[in-house]
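A.B. asks: prediction below, plus the sequence it came from.
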Amino acid sequence: MGQIITALEPQKRHRDRVSVFLDGEFAFGLPDTEAARLRVGQTLSEQEIAALREIDAISRAFDRAVRLLARRPYSAAEIRRSLASHEVAPAVIDEVLARLETLGYVDDYAFAQYWVENRERFRPRGARALRYELRQKGIADAIIQKALDGFDGAESAYAAAQDQARRLRGLDRRTFRTRLSGFLARRGFDYDTVREAVERLVHELEETDGDFFAPSEQSEDTDLDEPSIE
């Protein structure tokens, strides 16, 4: 036994959606393009109603995902987790992700590139840290490796060291090296890269700012202990 469409009313808050009333009661909403196929007085079977509810669910989930993507790029796994947290059915999530990927709104390789470039610009990280972060975002290892091709860890470490050095002014050279080395290690840079960046910066500061380092009574050895990794 079916139900009769008794009203089709544009929604006040969402002008591109229509509220569908069956037998005098609100049943579900639909995109106006889908609602245009319906008419008042039309009888819908249970199968037709179920199909229209699914269209509604996919439409609402898709809109939610697009609003999320308006903030910044997201990986497919992040979108899946977000929609699941709003109790969207797995089959609906699959359909939404398929549409987003077809439209080019979701691309894990493009996301990985964005993440690496964003980190390099604002908070430089070593390759090890970047791999960990991207895995947390649900990016496959093969895509991570491709995104890191050409990654210049030396320049990223130097940029990070420059930012941190301002906070270490007034230390003696040995303490400066130790603290800056530990900072870079925690950012995921390997020992050789850390050493190179620290020594490069020490030499530059010695040449350009004679008052940057505090004097030390102990002789200083430029060999660094391997920094601990937290």
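C.D. replies: Sure, I can see it.
A.B. asks: just how off-centre is the host helix or strand of A147 within its chain?
C.D. replies: Element membership of A147 [criterion: DSSP states H and E] is helix 141-148. Mean C-alpha position of helix 141-148 versus that of the full chain (C-alpha atoms, centre = their mean, to the nearest Å) differs by 15 Å.
A.B. asks: repeat that for stretch 49-61.
C.D. replies: 28 Å.
A.B. asks: what about the nearest residue to I93 once chain neighbours are set aside, neighbour count?
C.D. replies: Leaving out its chain neighbours, the residue that sits closest to I93 by C-beta to C-beta, 6 or more residues apart in numbering is L83, at 4.9 Å. Bear in mind the C-beta positions are built from the backbone N, C-alpha and C, glycine included. The tally of other residues near L83 (other C-beta atoms under 10 Å) stands at 21.
A.B. asks: how much space is there between L83 and A89?
C.D. replies: 9 Å (C-beta to C-beta, to the nearest Å).
A.B. asks: and L205, by the same measure?
C.D. replies: In terms of C-beta to C-beta, L205 sits 58 Å off from A89.
A.B. asks: how close does the residue nearest the centre of the chain sit to R64?
C.D. replies: The centroid of the chain falls nearest to Y74 when counting by C-alpha atoms, centre = their mean (4.6 Å). Going from Y74 to R64 by C-beta to C-beta gives 12 Å.
A.B. asks: over to Y114?
C.D. replies: 21 Å.
A.B. asks: how about residues contacting stretch 51-69?
C.D. replies: Outside stretch 51-69, the residues within contact range by C-beta atoms under 8 Å, 6 or more residues apart in numbering are 17, 20, 28-31, 34, 44, 74, 79, 82-83, 86, 88-89, 92-93, 95-96, 99-100, 105-106.
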